[in-house]
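Asker: Everything below, folded, please.
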Amino acid sequence: MSAYGSFNDISELKAILSKEELKGDIGQQRFLLGTLLELHVQGVSIDEALAEVAKLLPSYDIIVKKLACLIIQQNVASAPDLALLVVNTLQRDCRDPNPAVRALAVRTLCSLPNAPDVAQTTVLAALKDGSSYVRRAAVVACIRLHRSCPEMVDNAQLVDRVYDLLRDNDAVVVANAVDALDNILREEGGIVINRSIAHHLLSKIQTFTEWGTVRVLDVLKKYVPKTDEEAIEIMNMCDFLLHHSNMSVVIAAIKFFQHITKNMPQLQKCILERAKRPFMLILSSTNYELLYFVLCYIFQTIDQCSSIFSTKHTKFYCRYNEPAFIKIKKLQLLPYLVVEEDGCELIEELSLICMDVNNDVSSAAIIALSKVHERFPTFHQEILQKFTQLLDLKNDNVICTILTCVEKFGGRSEDDLDQMKKLIEKALLCVDLISNDESRCALLTLLASHGKDIANVPYILEEIFNTHRDNDSFVFNMGLLLAATKLFLWRPAECQDILGNVMERCTNSSHCEVRCKTIFLYNLLQVDPYVAKAIFFNSSEKIVGSQCLDTNDASQNEVSYPEGTQPREGDHLTHS
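Answerer: Numbers count the residues shown, from 1 in each chain. As a prediction, this is how the structure comes out:
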């Protein structure tokens, strides 16, 4: 019995706990209670031994008493009769000369579901205890008491008692009182902060713990300074918090400052400038959980932070030994932290990360490159060149992500269009590696937009159609239908057969919208292909080719359906 977990039978533990000789063996008592606690954490029911645990509660050893109280607090809900066994002992402990014992008794009494009256009397007395440690426990116990019996807290005027503790000499008691009031009064909007309370809390801000500082600053956002001079005075009182060693405190201070200066936008940027140094220190830290927290905050306030960190954007570059979640968050930030002059440098850096062995990281880098393109369109050609080179990796994840991003790009100059065609031609060589419908649809969109001058596009489209003949995905079928229609308008002689096959398949789709869209496009092409081309390409250019319909044929003005493609019941035509 030298380690926890030596017993798996609760009956055996209960028998040992009930032995008379155990009373004088403090070490054995600690061990057995620790074993019970571990079994409880593992999901084993220990209700059978709770009565024996209650007998150890009067122990003079503080560790035994704490373990017994912890077990009682965690199991009293499933064994309500347990409260009757321990309530008298806990009341006696509330008068113990040791403050640690009194505080422990207060916490445990407030967890008993069947003794709210006793708990109320105990808490009222503990709030006036001479020991700050007991008062701290009593204030926290008010929250627990309010959750179990809210009307009792209101009737006993506990709220007024806790408000009085805002003037307590102990900073932890004050912070606990602030938190307790904000929880108890949540339905009424939380604690009420007037000018007197606000300035009192601010005068004690240096004495609070880190948690207390964050909590108090959060509550102080309920107070709005009456004048700009008062706001600046408050900022001077809390200015040291912007250089605190704890980043939670720094960020809480920034949020508080931004709140009280919301009517002074000229100061918003200055606040972040003042806090720049601790941010930069964290960026070099290996505490990745803290670093992620800071990166998330910067991302949330990117509109304000972008200009501040633009000169230090290299600090946000990914390091090879960083975990993936840090790299991804940095890659989400980088496109917004650079100015156009640093764009080429960033493109080179991101291009290297696109080859990362982690698929999520490489995808994030590709998306970051597309964000750079979105912010700085002048880099259109450079980014397309990088994407074209990356297709040589023959990596399915890289190919799919690039196609999804490039789909949103638009051609600008003749050189840009040429580069886009090169990318599409290289992507067509990797078509077998495209593994999801979203990426296939992106490729089809690119073919429809830029495929009129690529020689073998109709045959590639036919190959895609034949390979995925059984794919009834809505996204894929819509992409295939629109691509076939657009390519037919550009190259009717080569695409007539594939368009007919695609329309025949889409009219039998299980998706109503696909069927209706197919019928609409069929009738549009039958009535006037020139109008169709104008709709698709915003152009009045005529279609060349013998396959075009004779526009003098009056029969084309009749709305008809190809054989076997009549709308089903419930279908509605939708316009493209």
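
Asker: who touches the closest residue to residue 10 other than its chain neighbours in this structure?
Answerer: Excluding the flanking residues, the one nearest residue 10 by Cβ to Cβ, 6 or more residues apart in numbering is residue 48, at 5.0 Å. Heads up, the C-betas are built off the backbone N, CA and C, glycines and all. With contact taken as Cβ atoms under 8 Å, 6 or more residues apart in numbering, residue 48 is in contact with 10, 11, 14.

Asker: can we see that at 10 Å?
Answerer: 10, 11, 13, 14, 79 (Cβ atoms under 10 Å, 6 or more residues apart in numbering).

Asker: What of residue 485?
Answerer: 448, 495, 499, 502-503, 517-518, 521-522, 524-525, 532, 536, 576 are the contacts of residue 485 under Cβ under 10 Å, 6+ apart.

Asker: Recalculate using a threshold of 8 Å.
Answerer: 448, 499, 521, 525, 532, 536.

Asker: pLDDT and distance to residue 417 for those residues - can I get that in TSV?
Answerer: Output for those, formatted as TSV (pLDDT from 0 to 100; distance: Cβ to Cβ, whole Å):
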residue	pLDDT	distance to residue 417
448	83	14
499	91	24
521	90	26
525	89	26
532	83	23
536	79	18
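
Asker: ok, of these, which one's closest to residue 254?
Answerer: Residue 254 lies nearest to residue 448 out of the contacts of residue 485, by Cβ to Cβ, at 48.2 Å.

Asker: wait, what's in contact with the nearest residue to residue 473 once chain neighbours are set aside?
Answerer: Among residues not flanking residue 473 along the chain, residue 437 sits closest, at 4.5 Å (Cβ to Cβ, 6+ apart). By Cβ under 8 Å, 6+ apart, the contact list for residue 437 reads 471, 473, 475, 476.

Asker: List buried residues within these.
Answerer: 473, 475, 476 (16 or more other Cβ atoms under 10 Å).

Asker: Verify the contact between residue 481 and residue 500 for me.
Answerer: No: if you go by Cβ atoms under 8 Å, residue 481 and residue 500 don't touch, sitting 11.9 Å apart.

Asker: re the thing from before, point out the least confident one among the contacts of residue 48.
Answerer: Within the set of the contacts of residue 48, pLDDT is lowest for residue 79 (75).

Asker: any idea how far that one is from residue 14?
Answerer: Separation of residue 79 from residue 14 (Cβ to Cβ, to the nearest Å) stands at 14 Å.

Asker: Now render the contacts of residue 485 as CSV, adding neighbour count.
Answerer: Output for these, formatted as CSV (neighbours: other Cβ atoms under 10 Å):
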residue, neighbour count
448, 22
499, 24
521, 23
525, 21
532, 21
536, 17
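
Asker: Filter these down to the ones in helices?
Answerer: Counting by DSSP state H, the contacts of residue 485 place 448, 499, 521, 525, 532, 536 in helices.

Asker: In contact with the first one, which residues are there?
Answerer: When the contact criterion is Cβ under 8 Å, 6+ apart, the partners of residue 448 are 482, 483, 485, 486, 487.
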